[in-house]
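Undergrad: Return a 3D structure for these sequence lines:
(3 chains)
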Amino acid sequence: MTEPAVELDGIWKRFPGVVANAGANLTVRPGTVHAVLGENGAGKTTLMNCLAGVYLPDEGTVKLHGREMRFSSPADALAAGVGMVHQEFRLVPTFTVAENVVLGSAPRVISRPEINRSVAELAERFGFSAEPERPVWQLSMGERQRVEILKALWRDAQVLILDEPTAVLTPQEAEDLGRVLRQMVGEGRSVLFISHKLNEVTAFCDEATVLRGGATVASSVAIADVDSAALAELMVGSSTKSTETDAQRNTEMGDVVLAVDNVSVTDSRGLTAVDGVSFEVRAGEILGIAGVAGNGQRQLTDAIAGLETCRTGSVALMGDDLTSATPRDRFRAGLAYVPEDRLGVGLAPKLPIAENAVMRHYPKMRRGPILLWDRAKEFSAELVSRFEVKVGRVEDRLASLSGGNLQRLLLGRELSSEPSVVVASQPTRGLDVHGVAAIQRLLVEQRDQGTGVLMVSEDLDELLVLADRILVMSEGRVAGKFDPAVASRAEIGAAMAGVS
Amino acid sequence: MKRLVLARRENPTRGGQPLAFLVGLVFALVIGALLLWSSGDPVIDTYQRMWERSFGSRDVISATLNRAVPLALAGLAVSIAAKMGLWNIGAEGQILFGATAAAGMARIGDSWPGPVLITAMLIAAAIGGALWALGPALARSEIGVSEIITTLMLNEVALRVIRYLQSGPWKDPDGFGNLQVTPLPDQAALGNIWERAHLGVLIALAVIAFFAWFMTRSVWGYELRIAGSSAKAATYIGISMRTKVLGVLLLSGAVAGFAGGIELTGTASRLNENISNGFGFAGIIVAALALMRPSGVLVVAVAFGGLQVGGQSIQLLGVSSAVSAILQALILFGAIGAGVLSAYQIRLVDRKVA
Amino acid sequence: MIFGGITITEASVIGLIVASLQFATLLYLAALGETIAERAGVLNLGVEGMMAMGAMAGYVGGVASGSPWIGFLVGGLAGALLASVHAVAAVALGADQVVSGLALTILGLGLANFLGDSYTSDTRRSLFKDVDIPGLSDIPWVGETIFSASPITYVAAALGVLTWFVLSRTSIGLGLRAVGESASTADSAGHGVAAIRMTAVVIGGAMAGFSGAFLTLDTVGAWSEGITVGRGWIAVALVIFGAWRPGRVGLGALLFGFTLALERRLQPFGIEFSPILLSMLPYILTVGVLVVISYRARNQPSPTPAGLGIAYRREER
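TA: Numbers count the residues shown, from 1 in each chain, chains lettered A, B, ... in the order given. Next comes the predicted model:
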């Protein structure tokens, strides 16, 4: 039996407050495309970063072809034959394709025609075309990804890691990628393919390792022997998380409070992030939006709150069209928004607690140009006690708060003006059990008081318990509508994974 | 094998900046002593004389305070822009153009009574400073041109505006062929309030106190803090980053221009190209050492004022007055080192095995 | 010859070209050094100070050794030493580049004035003598100007070609540019960001020092306080005017050098225009170029190194 190309054994990696990998294992045979599967936050990227020299694991061993390695930098790993293509590309936009490919291992004196020729030859060998003299900033995302792959091949990497490679590709480009990968493993190299899209995994990969909660739950499963549904169940797991909130479903729904009609949003890279999404939220319901991160949820909620412009479509609150209103006007009109990024968008990290608490309300606390700090502090103190935010003093730095308290402060601030609609994006992500329960309880209370709640979450279990209706987003579109009372996890999971 | 690395401390040392400043001061004095000693100058005598001639008597303290005024106002101007993460490197030019505008006002109102004229001159100075910042401010807010280089370039232009005025338009007809502008009318001088200290000391104190209060208590200052802390958070609640950038740079320019006006009416008999004397650049160092806090700016400006005034006195000992500039720069470098050491610790770690 | 009131004589034209080349050499040396530092992502506003150090040390070295070449090298060394303060503060310690650079200018001017204080001596024997290129220097007009220039003018031109070659045609240059554009990319490709940046800053300092030494050992022929009169700031402007490219910076040096030379020679030509207004031109042109660059950057990448002014520290692991 041949030595495995990659062997990760008992990898632990902890970050402040989070355990990303908890004794994960992975074995990759040479000459195979190996899928690393798991839900968001399962620890896939961290594990691969440990292999690629980005992180040093806290515990565990990394072996390449039977030899134990300790990489202190990505350059180290690359020198040992491990190349990684990150989701955020590491390219110099003003450099040409060839310059990017040879960066770090260029001949001492560079002849442009020569490197252009060698890079073109290399690309051809693996069955894709490249224009070596084009500057990278002119390339599409798919083309940039190929430059990243070429970078690894230029160093003759034996192990190539691709992190969610198809996220930026068109279906045609994804197919092309599949061919390139087959060509590579045909030469005896190994490819690690991080993904959560089951259809691609079944199409491209030979074996799969499934991670959940930072640990390996299934190791080197042969794709040919297992069907998508089984993989999906391994990924999602049986419902183990208990949600403390005992949410009684609301049977009487009120009027439409938020109407989103055919909204499309273009993201900063010029790609369509939200593609003609329509739905309504009624008073007294929680509409849950499920989906894997990066399928347009962020842009959708930002567009509803006025932080992104809608390319098409309209947003109406209580029947009033707000498509072109400012964020401040939308808030005034009764739209509260808990953004995905609590620190940096929802809250200003360098400012004291009180200054964060009144960020939405200070226009009512001024006398001429002067802000009435006494009133602001009073308001903050009330907010803090009403929403049980544990703080020393309201003058303290925001940084002194824990994640759960930050979110209570943010949600409390948004709720304190009696909104008619609450849009909450990933409101419980990263919180501990008590934090999750408290936030969920607040949202359910709002619903019970007749507020319309739109809740985006990657945690399907959470939505199954809390939501009155579930809408699944995939690739910017609505991929399915479900009634949580009757829908099965497998059904919803399949829609999330893009299996139709 | 082991190697040294810088690692961020979990809990940065508290109250670090006054300490860092002191460490910087000691560092500067030690290096300065080595320099003096190596070139055969008397170390103790030099330092003693610098101290005596800057803080040693009421008379010299008043001179130090006068010198601290433009430094403090320039430092304040820089720190206002820095609240939004912007660098106003053009305080030097804004001081010069502010003084030019004030001098222009004095030409218009040379028969006005003193208080009226001085008030008009100071207002003109502030407007002049803001005008000098307008180009870089608009370029930054509308097109996104980095304000660092544009403000810097305009320093050199402002200097030449004064030279141009000296060479012709405002040339002193009684200057015996010297390139100088006509002197200010007598009533345009700020009166002295204590020893040699002029009224500008009180005015500067009031301006700094006002901004210390305004930046913390006003709605505008609050919105500025949000925008400076996170542009995304500002957008999220509906604050316009464009108008904030424009406003803060204009205000910063106005304060620097105002410093030019005070300097002109307080210490000069006529507009000249040395009216700023590097105050704009020193102001950046002052603001950086004060971590952009108005109260800190005040303290550092007085210390730097003393160094500058004391530095002039050591020429009589046969020591170059450049010692003062060297010490000012070394304080900053020393404080940088101290600041890093308080936020980081040097650790020995295993070198990579592979 | 008289054209519309403008008097042109051979002597005045030759004088103008000679002076233009001198100023261009002075500016080019310093701006080339700053180009290298900025291409690596480090803004160094200490050029004026490094130039002053080079001027003082170059002069002292030239007088002490009796050789202008040794003086020139000493000037470069002094500039490099001063620049290493910026390299440590702004790169190794991650201090703000703007603050550190400005403090460097103050430090350099102060040190030069302190160390060069009362340094007077006869220097005629330690000055550079213009080089007549055999054959070519006899050509009328051209020969007397371009082919009979200071040896340092040729050195500057050669350094310009060398810089262009290293930046665009070698792996070192590729790495340096990558560090300036995207430090994290260069780091993950195995280029040591701090080492490259610090080296670039020190080389930049050496070239500013050369520029200062040229000033005292050639153009002026003496050292005095304040001899750099703000030329360092023009060098900073020149880097932007030349869009961070050695060749274009060279053309800009000729243009800026020409305006500096013209400043003092308007009257001999009988031109009624304030030389002071003319002297504002380089700065205003630079602001204009910067505005155009930023305006264009909406559709295409800016020539400004993307990582300029941004301290880099690898993600903590």
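Undergrad: how about low-confidence regions in the stretch 51-200 of chain C?
TA: Along the stretch 51-200 of chain C, segments meeting pLDDT under 70 span C:120-126.
Undergrad: And the helices in it?
TA: Secondary structure of the stretch 51-200 of chain C (DSSP state H, counting those that start in this stretch): helices at C:68-86, C:97-115, C:142-145, C:151-169, C:171-181, C:183-188, C:193-214.
Undergrad: Mean neighbour count, the ones you listed: which tops it?
TA: Highest mean neighbour count of these: helix C:193-214, a mean of 28 (counted as mean count of other Cβ atoms under 10 Å in any protein chain shown). The C-beta positions use only the backbone N, C-alpha and C, and glycine is treated the same way.
Undergrad: is chain B contacted by that helix?
TA: No - Helix C:193-214 does not reach chain B (Cβ under 8 Å from any Cβ of the partner chain); its nearest approach is 10.6 Å.
Undergrad: just checking, what packs against that helix?
TA: helix C:10-39, helix C:47-65, helix C:68-86, helix C:151-169, helix C:171-181, helix C:183-188, helix C:231-241 (3 or more Cβ pairs under 8 Å, 6 or more residues apart in numbering or on different chains; DSSP states H and E).
Undergrad: Could you rerun that using 7 Å?
TA: Applying 3 or more Cβ pairs under 7 Å, 6 or more residues apart in numbering or on different chains; DSSP states H and E, one finds that helix C:193-214 makes contact with helix C:10-39, helix C:47-65, helix C:68-86, helix C:171-181, helix C:183-188.
Undergrad: Can I get the ones you listed in TSV including distance to chain A?
TA: Shown next, in TSV, are the helices and strands packed on helix C:193-214 (distance: least, Cβ to the nearest Cβ, whole Å):
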stretch	distance to chain A
helix C:10-39	11
helix C:47-65	25
helix C:68-86	24
helix C:171-181	4
helix C:183-188	4
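Undergrad: residue closest to the middle of chain B?
TA: B:G283 (2.0 Å; Cα atoms, centre = their mean).
Undergrad: And the helices in chain B, which stretches?
TA: In chain B, the helices defined using DSSP state H lie at B:16-38, B:43-55, B:58-82, B:91-108, B:114-138, B:147-167, B:200-217, B:219-229, B:231-237, B:241-267, B:279-289, B:294-313, B:322-343.
Undergrad: Using CSV, write down the CA coordinates of the second one.
TA: Coordinates of the C-alpha atoms in helix B:43-55 are reproduced here as CSV (Å, rounded to 0.1, in the frame of the first residue of the first chain):
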residue,chain,number,x,y,z
VAL,B,43,26.8,68.5,28.5
ILE,B,44,25.7,69.6,31.9
ASP,B,45,26.1,73.3,31.1
THR,B,46,24.1,73.0,27.9
TYR,B,47,21.2,71.2,29.5
GLN,B,48,21.3,73.5,32.5
ARG,B,49,21.2,76.6,30.4
MET,B,50,18.4,75.2,28.2
TRP,B,51,16.4,74.6,31.4
GLU,B,52,17.2,78.0,32.9
ARG,B,53,16.3,79.8,29.6
SER,B,54,13.0,78.0,29.2
PHE,B,55,11.5,77.3,32.6
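Undergrad: What residue in chain A comes nearest to chain B?
TA: Going by Cβ to the nearest Cβ, chain B is nearest to A:R328 of chain A, at 3.0 Å.
Undergrad: residues in chain A within reach of chain C, list them.
TA: A:55-56, A:74-75, A:78, A:90-94, A:99, A:103-104, A:106-110, A:137 (Cβ under 7 Å from any Cβ of the partner chain).
Undergrad: Among the residues you listed, name the ones in strands.
TA: Using DSSP state E, no member of those sits in strands.
Undergrad: picking up where we left off before, and the helices and strands packed on helix C:193-214: which comes nearest C:R265?
TA: helix C:10-39 (5.4 Å; Cβ to Cβ).
Undergrad: circling back: tabulate the helices and strands packed on helix C:193-214 in TSV, adding columns for distance to C:I106.
TA: Shown next, in TSV, are those (distance: least, Cβ to Cβ, whole Å):
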stretch	distance to C:I106
helix C:10-39	17
helix C:47-65	7
helix C:68-86	11
helix C:171-181	26
helix C:183-188	28
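Undergrad: With respect to A:I223, which of these lies nearest?
TA: Nearest of the helices and strands packed on helix C:193-214 (Cβ to Cβ): helix C:183-188, 30.9 Å.
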